[in-house]
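> Predicted structure and sequence below. I'll ask about it afterward.
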Amino acid sequence: MPYDNQRAYDRLVFELSSPGRLAFSLPESDVPVEPALNALPAKYRRATPAALPEVSELDVVRHYSRLSQMNYGVDTHFYPLGSCTMKYNPKINEDAARIAGFARLHPLAPEAAAQGALQLMYDLGKMLAEIAGMDAVSLQPAAGAQGELAGVLMIRAYHEARGEKRTKVLIPDSAHGTNPASTALAGYEVIEVKSDAEGQVDLADLERHLGPDVAAFMITVPNTLGNFEPRVMEIAERCHAHGVQVYMDGANLNAILGITRPGDLGFDVCHFNLHKTFTTPHGGGGPGAGPVGIKSHLEPFLPAPVVAKKDDGYFLDWKRPQSIGKLQAFWGNFGMHVRAYTYIRTMGADGLRAVSDNAVLNANYVMKRLEAYYDVAAPGPCMHECVLSARKQKKLGVTAMDVAKRLLDLGFYAPSTYFPLIVEEALMIEPTETESKETLDAFCEAMIRIAREAETDSRGIHEAPVTTPVRRLDQTKAAREPNLRWRPRS
Amino acid sequence: MPYDNQRAYDRLVFELSSPGRLAFSLPESDVPVEPALNALPAKYRRATPAALPEVSELDVVRHYSRLSQMNYGVDTHFYPLGSCTMKYNPKINEDAARIAGFARLHPLAPEAAAQGALQLMYDLGKMLAEIAGMDAVSLQPAAGAQGELAGVLMIRAYHEARGEKRTKVLIPDSAHGTNPASTALAGYEVIEVKSDAEGQVDLADLERHLGPDVAAFMITVPNTLGNFEPRVMEIAERCHAHGVQVYMDGANLNAILGITRPGDLGFDVCHFNLHKTFTTPHGGGGPGAGPVGIKSHLEPFLPAPVVAKKDDGYFLDWKRPQSIGKLQAFWGNFGMHVRAYTYIRTMGADGLRAVSDNAVLNANYVMKRLEAYYDVAAPGPCMHECVLSARKQKKLGVTAMDVAKRLLDLGFYAPSTYFPLIVEEALMIEPTETESKETLDAFCEAMIRIAREAETDSRGIHEAPVTTPVRRLDQTKAAREPNLRWRPRS
Amino acid sequence: MRYLPNTAQNQRAMLETIGVRGIEDLLVRIPAKARLSRPLALPSALAESELVRHLRALAARNADAESAVCFLGGGAYDHYVPSPINHLILRGEFFTAYTPYQPEASQGTLRTIYEYQTMIAELTGMDVANASIYDGASSLAEAALMAHAVTSRTEIVLGGGVNPLYRRVVETYVDGAGLRLREGPTPEGVLDLDAVRRVVGGKTAALVVQSPNFYGCLEDVAAAAEIAHAAGALLVIVSDPVNLGVLEAPGRQGADIVVGEGQGLGVPLSFGGPYLGVFAAKQEFVRRMPGRLVGATVDLDGARGFALTLQTREQHIRRAKATSNICTNVALCALMATIYLATLGKQGLVRVGELSAAKAHYAAERLAAVPGVSLRFAQPFFKEFTLKLPKSPERVVARLAKQGILAGLALKALDKKHADCLLVAVTEQRTKDEIDVFADALAKAVA
Amino acid sequence: MRYLPNTAQNQRAMLETIGVRGIEDLLVRIPAKARLSRPLALPSALAESELVRHLRALAARNADAESAVCFLGGGAYDHYVPSPINHLILRGEFFTAYTPYQPEASQGTLRTIYEYQTMIAELTGMDVANASIYDGASSLAEAALMAHAVTSRTEIVLGGGVNPLYRRVVETYVDGAGLRLREGPTPEGVLDLDAVRRVVGGKTAALVVQSPNFYGCLEDVAAAAEIAHAAGALLVIVSDPVNLGVLEAPGRQGADIVVGEGQGLGVPLSFGGPYLGVFAAKQEFVRRMPGRLVGATVDLDGARGFALTLQTREQHIRRAKATSNICTNVALCALMATIYLATLGKQGLVRVGELSAAKAHYAAERLAAVPGVSLRFAQPFFKEFTLKLPKSPERVVARLAKQGILAGLALKALDKKHADCLLVAVTEQRTKDEIDVFADALAKAVA
Ligand SMILES: Cc1ncc(COP(=O)(O)O)c(C=O)c1O
Ligand SMILES: Cc1ncc(COP(=O)(O)O)c(C=O)c1O
């Protein structure tokens, strides 16, 4: 309920519960139930029933419909969240993923009974490989971070197979948090490489760290300041000269589709975020899918099984003795593969190229329109996103967070804030190609308005947001006195 | 966007348009196009293209998502709109109607290729006949009003077939507007019969009008005050004694499922509102479906074709020489039949009975809780709805409309207002059986609060609503200077 | 019961508040002898999963346009429905709202109807469109009644190319008003204008012309307008709005009222309904129009807002004297059409029309080349045409249905004069391959 | 392009504002020699209608649980998904939102996660649950790493009944930390507790027990808890939450961490993903937990509100020292589970469990009565069991698949020791008829 007194709707589903109320419908049993229950030893049976809610189907529908209305989504709002590529998620993708032959296919169905699904995965892998200029792709990783883990583990397996023991991975200080986290998880020591004032790799610092103990260098291209690192090929060469593998975090692939390819830039590994570049929805935090592409020298190490093809059809190739192993119980987030496949088949080569052209155009347009009002973190042209800094505003007492909150009142979701860490009061804006000039203009006007308000009347900004279902939250209390589950008021 | 500055979203799709922008995707032609276009004489071809909007798919999705958020619906709000039976519309109904074998079935498919659909219609007709105690049902009428037209035309055909020329139809003054409108459309003079203080038929007035020129008496049961007319069987008998057919407006059938049946009460004709009693959604005004049930003496006159059954399957029986004819081009609102069928098969006999029991219970509960604050139009017990009057409040300057508007701010849709016409400042409340006691309590508290505000601070009420996307509208201007289509600001 | 929230405990508490012992006490006014003393004789309740199986089994007995290749038309067409439509209309705020009687809480519905009215007016070339009528046929019936109300004349001349199913609905609707229906002679697939001129006269309230007509042929609407207007009658045009990207707007050819079936605009085939009755007219007739109208106005603060307007035409106000008895209309289908037209837009609708015409002309050529088969009428057509077959069309249809081809409509049942004919419709959805397969199958079936 | 709104005119205007001549001017930093000089070699773009046909054709080559009768389990189950779930998750406000970093504009997501955490904690009998991990297997891997972090010990003892697919994922994940995996002996379908006691010791960070285990057998969790705790190790239980309506909560049997695959809670089978990794633990470990957590707090006005909390555990703050690398999780699947659990509720989940158990026991009886076929283990089971077949299970599976029956999982590929076994799962969806048909078909196949 958008307009009525939403603040009055402060209910959790448990608070709608009434003993004996039902929202389900299950058939009568056509076989005896008692013998089965009697066959369960008493000690294995639940002693007290789980205190799940007891509500009606209308309660369920109304409750979650109303909760949904407390969110902003791409379907309702411009969502310029940098690094997240909040582009339009085509509705046809959803229809595709819901075809029963996909949605209700069991992962352990015999291969002969899953040829359509295996073919789709096989073809998607090939298409992604072509897009990234890689030799092979595994669709198994569940998200970007798991793609990173898989990639780094493959690098490790590669070095180990060659009898090399390398212990460090170099990562720029501008990197996304998953880069160091995944690398550490893979058993490496993470070494931070400095960025220069423009957010580019400090080559001298890189050179200083390169050596026989370094397994890999991991970098996001375009970088997290939205800029293309012009010396990226040189960097790759220098790394290779030291036997160091180069990993590209492909979260920003939306900037370069059909323009350049990680493989052609010299990268050995690259992951994809299907939930960014390839329009699978973000769903409030996931699921996504993080396929990982590699050059042929890493192929033996791919996660098993690999979807492969032989004369009489597609199959899961488990005979991968050097494989890093499995990342998920099954074959990957197939539902997301269907969506990404649908998207790529919708767009074709020209369409994907146009995606990046427009993503870059939109970001540069926003940067240009705002540069007089906010500091620009790194000089343009940017790629698909731009990073501003509210450092000027901060002097007036208005932080990046304040700007973000005020935007919520003006009808926009907020840019990413305080990322990348190397930019003070960062506001990272990624418009995406699916937004129109009119929307960008409206957003820029809101940003400009806030910049003016910061100069004239920052009090209003500090009150913001006032039109959302709750106002600013006490995060300290949330962390100090963690209240992580509902309990009945007794 | 529920919470941001919604009032700022005052756009029509035309205002999002930009020349050349596309939201569609159509294949290239695999056959030559020019010859076909050349075969169209120039004078038949459109000279200037239709000025439809030019937007992207995201524009479409975001625009209509946001517009939707400007509505209250049953899925988001309690919707106590009397006479409309705004009950929960089960989601499974929607899934059923979307199965390709139903949703994409062409109405002119050969009967042999539509057996599933014909069977569903046949069975639904039988089930409705059983529910209403009628001998046969036509599913063809598109809505209640068309059901009325069909029913009255059958009555006319019946009289005419017997060589009787009757020219009048009697209708209580409490009737829904479609009753007189449909009757007039069928070529009858409408005679209003008075209601007594309790909203029941003034028997003396009825008796006065009964005679050989009267074709039918049409009455809503329970009546539009939500009460069951205890003398309804007597009325039917008296009518029949004069050769007058009795028609029951079945819009309020939700009150009596499995409790009593129009056929058993003596009615000759009765229509159903599948979009009320049988959970097909209202869709912002339609579509619905208004099947009409009749006793066997009216069977020859049923709209053609009739869905019938013979040994080798179901078929459309067109050989109905005395039929009143067709009401729609095809066979009725089949999509709604699927939903109603799904609902009836979900509920079964006991379920439907429980529907009415709870609908009646809920209405009486609300009436009881509010009777100290608002005048009750007719003494209880009521059936599935109750009619209150804001006449007390009116004396304080607060009308039924004011109460309705204030409810919008308090998180509820409004009751029906000013209907039935015989009740001053009517507030007609139909809670339906799908609402819980908790919801009714919250609604009653809101109503009580308004009654109190009327006494203490009616100014706020007159300002209401203030939380909706627009405030009270200038209806006079709308009618005086009709602006019925958008035009570009030039 | 998952749709009934009241628990036994709730019921007890409520009964106590009401002050009765049981629900039975609330039913006392119902005459005992009419009380049902047994449960309704209905099939037993099914759990959701069982019901879904049952429904799928029923649906599987139908040859729909997904499982078969559909060349059926005759008033309903297999045009492509872009994916967003279904997603958007399923939003509960649209889906489960009532007629927007409380405009402040219904701006979503009201704005979409206003958009719909604008689009339909624009497409048809008329001044105003209403918020919808049940379907094309009942729209035409309402138009006939409106012409009668406007002109006070008592005859309606229906062109012979008007869909016979529509004609039957008009017959039903005008019976009460006592109007007389006459036929506009249509000997060779289109109106014989000279003959029509002789039928239309001082008693004629309206001349009704469908174009493209039931046989698929294009009618000369401008000429018909001249005839109607010369006699002081209104011209009512029956038009399929999905064609109006390519075909001239009837309003530009002299129509006074335009009606039609809007199903092609994104509404599922659904075995015949719910569909979308389009109704548009000249400004001067607005107060005689049937159905709902939404108008723009302003709110207390001067902000733009929308509301139902000119309601004094309607049954809930004017009762027996209303312009129509319609109450529930087909708002959600109108919403589908609105989203369809927003999606297809200025260019897309043209393209749908061009593709449909192209495929239809290709199909006509291929099918008429089958030995023994010919085009029945030598008239320009658009996406539908009539074939003359050398063998029983019913049998051909039955045979092809077994091969997964819905070959078209055998005319005999609806139009005895053309018992040897098959009406074939081809939309942008059909591929060259499908048409070729159809042609080959037809050749075998008539050989 | 329907997803790209910028028209040529828009582009020109924007380029002008930016002050460049063309988009190429914005790409100047990209090294020329790495520029792709040809279009990507991808299949050509398909229109929506063509694409839908293509996808349907692909899907038709799969035998899914709608077109075939599914007795497959092994970590993914064909439980019924009530209709409202799909309708609600498709609401764009849920579907197209990001991780709720701006809580004021994300209360919908935050509140549903908080509900989810509560439900999972309640079901598992644990204190806290996180907002989800990718799937059951990676949840288990995270649990192993967490046990290592908590105990500073380096061995994980995995019961032999842990799903072998999960074991492989654990192997991958613990490789970096250098943990050693040891096996808890499971000779006859369940843990040999005495043998386990000998394996678990001072280096053991965690004992991992799955119950019901991969073979369908129930394990003695309480006894396992004793063994683990006696050795100062944590007990990690792998549990399918959909069973916990009927089966005892692992938390009440001594589990320290409970993980599992939540797919059965309303998430589609979808050929293996996306699924739902459930992760719950005791309160004392909350600051060591991987993944996101939502907490209740208050806003500026004192109103209840929800926000991500304890974020210093996470990669975006703690980076290389984070408790896990997880960022994107499976929030929407958690929402499906939340709506599923709200819908099934207290009684429904029990009923799903009872029905599944009943059908499984009936099936076990029927199938084991087939000559030559027997139950492999004489252990209590729940909804899944292992059959020993007299003929190659692979061949039986292949043969039955042709008859529309997905007979189960031939164990050979995953578990060589049981190469003659078939793992059969039966959910509440299966009917007696289907089971009988399966038994008859099996009898023929092994005859
Ligand atoms: C630059 C970058 N790298 C990696 C990731 C991690 O991807 P995921 O969230 O899919 O694990 C993200 C996600 O936000 C990102 O922006
Ligand atoms: C009592 C009554 N009769 C008839 C009708 C007309 O039904 P419909 O709107 O389906 O034409 C209604 C609808 O509101 C009604 O409430």
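Yep, it's here. Residues are numbered from 1 along each chain as shown, chains lettered A, B, ... in the order given. Ligands and ions are numbered 1, 2, ... in the order given.
> Would you mark the buried spots in the top helix by length along chain A?
The longest helix of chain A (DSSP state H) is helix A:334-370. Residues of helix A:334-370 classed as buried by neighbour count (16 or more other CB atoms under 10 Å in any protein chain shown): A:334-349, A:351-370. C-betas here are computed from N, CA, C, even on glycine.
> which residues sit in contact with the nearest residue to residue A:258 once chain neighbours are set aside?
Spatial nearest neighbour of residue A:258, chain neighbours left out: residue A:353 (3.4 Å); criterion: CB to CB, 6 or more residues apart in numbering or on different chains. Residue A:353 sits next to A:257, A:258, A:259, D:39, D:40 when contact means CB atoms under 8 Å, 6 or more residues apart in numbering or on different chains.
> JSON lines please, covering these and showing pLDDT and neighbour count.
As requested, the contacts of residue A:353 are exported to JSON lines (pLDDT from 0 to 100; neighbours: other CB atoms under 10 Å in any protein chain shown):
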{"residue": "A:257", "pLDDT": "98", "neighbour count": "27"}
{"residue": "A:258", "pLDDT": "98", "neighbour count": "21"}
{"residue": "A:259", "pLDDT": "98", "neighbour count": "21"}
{"residue": "D:39", "pLDDT": "97", "neighbour count": "12"}
{"residue": "D:40", "pLDDT": "98", "neighbour count": "22"}
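> can you list those in a markdown table and add secondary structure?
Listed next are the contacts of residue A:353 as a markdown table, based on DSSP: H, G, I helix; E, B strand; the rest coil:
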| residue | secondary structure |
| --- | --- |
| A:257 | coil |
| A:258 | coil |
| A:259 | coil |
| D:39 | coil |
| D:40 | coil |
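> any idea which of these is closest to residue C:109?
residue A:257 (40.0 Å; CB to CB).
> That closest one and residue A:398: what is the separation?
36 Å (CB to CB, to the nearest Å).
> can you check residue C:60 too?
63 Å.
> Counting neighbours, go ahead and name the busier of those two.
residue A:398 (22 against 14; other CB atoms under 10 Å in any protein chain shown).
> From chain A, how far off is the closest residue to residue C:301 other than its chain neighbours?
Spatial nearest neighbour of residue C:301, excluding adjacent residues (CB to CB, 6+ apart): residue B:471 at 5.7 Å. Applying CB to the nearest CB, to the nearest Å, the value for residue B:471 to chain A is 11 Å.
> what's the answer for residue C:24, then?
With CB to the nearest CB as the criterion, residue C:24 and chain A are 21 Å apart.
> what does the stretch 301-447 of chain C have sitting close to ligand 2?
C:327, C:328 (CB under 6 Å from any ligand atom).
> For ligand 2, what's its nearest residue on the stretch 1-150 of chain A.
Ligand 2 sits closest to residue A:58 of the stretch 1-150 of chain A, with a gap of 21.3 Å, by CB to the nearest ligand atom.
> What is the burial count for the residue of chain A found nearest ligand 1?
For chain A and ligand 1, the shortest gap (CB to the nearest ligand atom) falls at residue A:144, measuring 2.3 Å. Residues near residue A:144, counting by other CB under 10 Å, number 29.
> Closest one to ligand 2 out of the contacts of residue A:353, please.
residue A:257 (52.1 Å).
> thinking the closest one is in contact with residue A:355, fair?
Yes - using CB atoms under 8 Å, residue A:257 makes contact with residue A:355 at a distance of 5.6 Å.
> now for the worst-scoring helix or strand of chain A on mean pLDDT, which elements pack on it?
Each helix and strand of chain A was given a mean pLDDT (mean pLDDT, DSSP states H and E); the minimum falls on helix A:458-463 at a mean of 92. In terms of contacts (3 or more CB pairs under 8 Å, 6 or more residues apart in numbering or on different chains; DSSP states H and E), helix A:458-463 is packed against helix A:400-409, helix A:437-456.
> Make JSON lines out of the ones you listed and add distance to residue C:435.
Below are those laid out as JSON lines (distance: least, CB to CB, whole Å):
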{"stretch": "helix A:400-409", "distance to residue C:435": "54"}
{"stretch": "helix A:437-456", "distance to residue C:435": "42"}
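> List the contacts of whichever residue of the stretch 251-400 of chain C sits closest to chain D.
Closest to chain D within the stretch 251-400 of chain C is residue C:343: 8.0 Å, counting by CB to the nearest CB. Neighbouring residues of residue C:343 by CB under 8 Å, 6+ apart: B:23, B:24, B:57, B:60, C:82, C:84, C:85, C:266.
> what about residue A:387, which SS state?
strand.
> Surely it touches residue A:82?
Yes - between residue A:387 and residue A:82 there is a contact at 6.9 Å, judged by CB under 8 Å.
> So between those two, which is more surrounded?
residue A:387 (31 against 28).
> how much space is there between the more buried one and residue A:425?
10 Å.
> How about the residue in the stretch 51-200 of chain C positioned nearest to chain D: what's its closest non-neighbour residue?
For the stretch 51-200 of chain C, the residue closest to chain D is residue C:80, as judged by CB to the nearest CB, at 4.7 Å. The shortest distance from residue C:80 to any residue other than its chain neighbours is 4.7 Å, reached at residue D:49 (CB to CB, 6+ apart).
> Helix or strand for the one you found, just tell me which one.
If you go by DSSP states H and E, residue D:49 is part of helix D:48-60.
> I'd like to know how far residue C:113 sits from residue C:338.
Counting by CB to CB - residue C:113 and residue C:338 are separated by 8 Å.
> now residue A:374
Distance, residue A:374 to residue C:338, by CB to CB: 39 Å.
> pLDDT score assigned to the residue lying closest to residue A:256 once chain neighbours are set aside?
Spatial nearest neighbour of residue A:256, chain neighbours left out: residue A:356 (5.7 Å); criterion: CB to CB, 6+ apart. We have a pLDDT of 98 for residue A:356.
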